[in-house]
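Undergrad: sharing a sequence plus its predicted fold:
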Amino acid sequence: MMWHVATFVIINAFLWFIDLRSGGADWAYWVTIGWGLGVAFHVSSYYIDTSGREGRKYQQFLAEEQAKESDQA
């Protein structure tokens, strides 16, 4: 999730730089608004995960790793 936020910040900073250097055509804010809403929904769904999906994924990952370790031993 943090990769999405970092990508959003870096690419939008670059787009704003291009927009301002090209005379301020005022198009970068449309990209920032649209993409920002998508990232905001993604972040909120990550933190407001009432189904426990992330916890189940983590438990499944741990079980798979433990199975791999016991197979190797």
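TA: It's in.
Undergrad: now the closest residue to residue 43 other than its chain neighbours: how far from residue 60?
TA: Spatial nearest neighbour of residue 43, chain neighbours left out: residue 1 (6.5 Å); criterion: C-beta to C-beta, 6 or more residues apart in numbering. Glycine gets a C-beta too; all of them are placed from N, C-alpha and C. Distance of residue 1 to residue 60, computed by C-beta to C-beta, to the nearest Å: 18 Å.
Undergrad: which residue ranges of the protein form helices?
TA: Ranges of helices within the chain are 2-21, 28-47, 53-72, based on DSSP state H.
Undergrad: who's in contact with the residue nearest to the spatial centre of the chain?
TA: Nearest to the geometric centre of the chain sits residue 4, at 2.6 Å (C-alpha atoms, centre = their mean). Residue 4 makes contact with 39, 42-43, according to C-beta atoms under 8 Å, 6 or more residues apart in numbering.
Undergrad: out of those, who has the most neighbours?
TA: residue 39 (17 neighbours; other C-beta atoms under 10 Å).
Undergrad: list the contacts for that one?
TA: 4-5, 8.
Undergrad: try it again at 10 Å.
TA: Counting by C-beta atoms under 10 Å, 6 or more residues apart in numbering, residue 39 touches 1, 4-5, 7-9, 12.
Undergrad: how far off centre is the helix or strand bottoming out on mean pLDDT in the chain?
TA: Lowest by mean pLDDT, DSSP states H and E among the helices and strands of the chain is helix 53-72, with a mean of 82. Helix 53-72 sits 23 Å away from the centroid of its parent chain (C-alpha atoms, centre = their mean, to the nearest Å).
Undergrad: could you number the chain from 159 rather than 1 from now on?
TA: Shifting the count to begin at 159 puts that one at helix 211-230.
Undergrad: looking at the contacts of residue 197, which is nearest residue 177?
TA: For residue 177, the nearest member of the contacts of residue 197 is residue 170. The distance, counting by C-beta to C-beta, is 10.0 Å.
Undergrad: these two touch, right, that closest one and residue 193?
TA: Yes - Residue 170 lies in contact with residue 193 (C-beta atoms under 10 Å); the separation is 6.9 Å.
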